[in-house]
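Attaching a predicted model along with its sequence, questions to come.
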Amino acid sequence: MAWSIPIGAVKGTIIRVHFTFLLFLVWIAVTHYAQGGRDAAVQGVIFIVLLFLCVLLHEFGHVLAARRYGVQTPDITLLPIGGVARLERIPEEPSQELIIALAGPAVNLMIAAVLYLALGGFLPRESMELQNPGVSLLARLVSVNIFLAIFNLIPAFPMDGGRVLRAILAYRMGYSRGTQIAATVGQVLAFGLALLGLIGNPLLIFIAIFVYLGAASEAHAVQMRQVSRGLLVSDAMITRFEILTPSSRVEDAVQYLIQTTQHEFPVVDGAGHLRGVLTRDDMIRALRERGPDAPAVEVMRSDVPVIHHRLPLDDALRLMQDGRLPAIGVVNSEAHLVGLVTPENVAEMMMILAANPKRFVRMPWQRISSS
């Protein structure tokens, strides 16, 4: 995730802290200092750090459950609104997704139970007053872990409850239909939260936006996986596009940008191998900072992977989504560039299949032009 700082790793899962979380800690310290001085600021920061340690353990509950089914987790990112564990894939077996989704809230309930026992089996009524420094730190942590478990079970993506709902629906309706219904439920709940935010706590509006976008994103991702099933990379790749050479300048790409509808320009060497991709955004930035004579190879993205044209399209989509890439190079058995897969052309293919789902129309793109 952009703007995040890696702070460690546990068995291959990188732990990242988003910079907004650091700003959140500063805000907590300042507001508590204004109310009660240095001691209040220190206590406020300690409580938030411990709270997010519980959030981190919640996410590792998902990680450990996912590993049971062979699903790896590249990273976990801590945000002011919670944590996000990025699974390399979501199991489409309902029972597996159900266990993975419930593992996080189960960890919070276990933490609450252990702390409750440490308090001698007594929880003061004031424990829900999270901002009250007069309430025991352990008591507040018990209450907040119970709240996290309940809140995450709200049936709305991207919360765990949305995945629980989808898993239950998938038992009877299938994965795709279950996702559509669960996403719709999540978006309806998002509108409800937004309305409550307008008449009450404005923070609910922010949460509503997060829930609405998360539900829409999940539905779109599942739709893309369903569309790509059974298709090869060659079915969706673009084969008519302009290319740049290692000697090309940014000005050369600018001319192609004006003359065509292309936004991503592969840089290909004399052997036909992909060196990188110059995107429209990189091009504009280079024009502003270095001028039109800047070499394309110095401002291109060199982290663009390549994939064989006979591999499943789903592999390319996963690469593109995980790396948030503008394009993926498609190569033949000699590692020569023969096509590109971009989010735009995948979206166009989805529209074609939506209009005619019974058969796939192969586009007659045959030529690769070069500069």
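Great, that's in hand. These numbers come from a predicted model, not from an experiment.

ok, residue 95 touching residue 167?
Yes - the criterion here is C-beta atoms under 8 Å, and residue 95 meets it with residue 167 at 7.4 Å. Using the backbone N, CA and C atoms, a C-beta is placed for each residue, glycine as well.

more crowded one of the two?
More neighbours surround residue 167 than the other of residue 95 and residue 167, with 24 against 12 (other C-beta atoms under 10 Å).

so the more buried one sits right up against residue 91, yeah?
No - here residue 167 does not reach residue 91: they are 9.2 Å apart, not a contact under C-beta under 8 Å.

who touches both of the two?
Here residue 167 and residue 91 have residue 97 as joint contacts, going by C-beta atoms under 8 Å, 6 or more residues apart in numbering.

Can you report how many residues neighbour residue 56?
Per other C-beta under 10 Å, the neighbour tally for residue 56 reads 17.

Quick one: residues contacting it.
Residue 56 sits next to 15, 76, 78, 83 when contact means C-beta under 8 Å, 6+ apart.

cool, residue 92 as well?
170, 175.

Check the secondary structure at it for me.
When classified by DSSP: H, G, I helix; E, B strand; the rest coil, residue 92 comes out as coil.

what do you get for residue 304?
Three-state assignment for residue 304 (three-state DSSP): coil.

ok, now which ones touch it?
Contacts of residue 304 (C-beta under 8 Å, 6+ apart): 266, 274, 276, 277, 325, 326, 327, 328, 329.

Looking at these, spot the one nearest residue 317.
Residue 317 has its nearest neighbour among the contacts of residue 304 in residue 328, at 9.0 Å by C-beta to C-beta.

if I look at the closest one, how far off is residue 266?
Distance of residue 328 to residue 266, given as C-beta to C-beta, to the nearest Å: 10 Å.

Now list whatever residues contact both of the two.
Contact criterion C-beta under 8 Å, 6+ apart; residues shared by residue 328 and residue 266: 304, 340.

Make sure residue 319 is actually in contact with residue 328.
Yes - Residue 319 is in contact with residue 328 according to C-beta under 8 Å; the separation is 5.8 Å.

got a pLDDT number for the residue nearest to the spatial centre of the chain?
What sits nearest the mean C-alpha location of the chain, by C-alpha atoms, centre = their mean, is residue 86, with 6.5 Å. What the model reports as pLDDT for residue 86 is 81.

Report the secondary structure element holding the residue nearest to residue 180 when sequence neighbours are not counted.
Distances taken as C-beta to C-beta, 6 or more residues apart in numbering place residue 219 nearest to residue 180, at 6.2 Å, with adjacent residues excluded. Here residue 219 sits within helix 203-228, counting by DSSP states H and E.

what are the ranges of the strands in the protein?
Listed in chain order, the strands of the chain (DSSP state E) span 4-10, 13-18, 75-79, 82-86, 264-268, 274-279, 306-308, 328-331, 337-341.

If you average the pLDDT over the last one, what comes out?
With pLDDT averaged residue by residue, strand 337-341 scores 90.

Contacts for that strand next, please.
Outside strand 337-341, the residues that reach it (C-beta under 8 Å, 6+ apart) are 233-234, 236-239, 241, 243, 264, 266, 268, 272-274, 306-307, 309, 313, 316, 320, 327-332, 368.

ok, back up a step: and the furthest pair within the contacts of residue 56?
Top of the distance list for these (C-beta to C-beta): 15 and 83, 9.3 Å.

more crowded one of those two?
It is residue 83, of residue 15 and residue 83, that has more neighbours when counted by other C-beta under 10 Å, with 22 against 19.

Okay, residue 92 and residue 100: tell me how far apart.
12 Å.

scratch that, residue 311
Relative to residue 100, and taking C-beta to C-beta, residue 311 is found at 27 Å.

Those two: which has the busier surroundings?
Just comparing residue 311 and residue 100: by other C-beta under 10 Å the higher neighbour count belongs to residue 100, 27 against 13.

wait, the more buried one sits on residue 64?
No - if you go by C-beta under 8 Å, residue 100 and residue 64 don't touch, sitting 9.3 Å apart.

got a list of what residue 13 touches?
Taking C-beta under 8 Å, 6+ apart, one finds 60, 63, 72, 73, 74, 75, 76, 85 in contact with residue 13.
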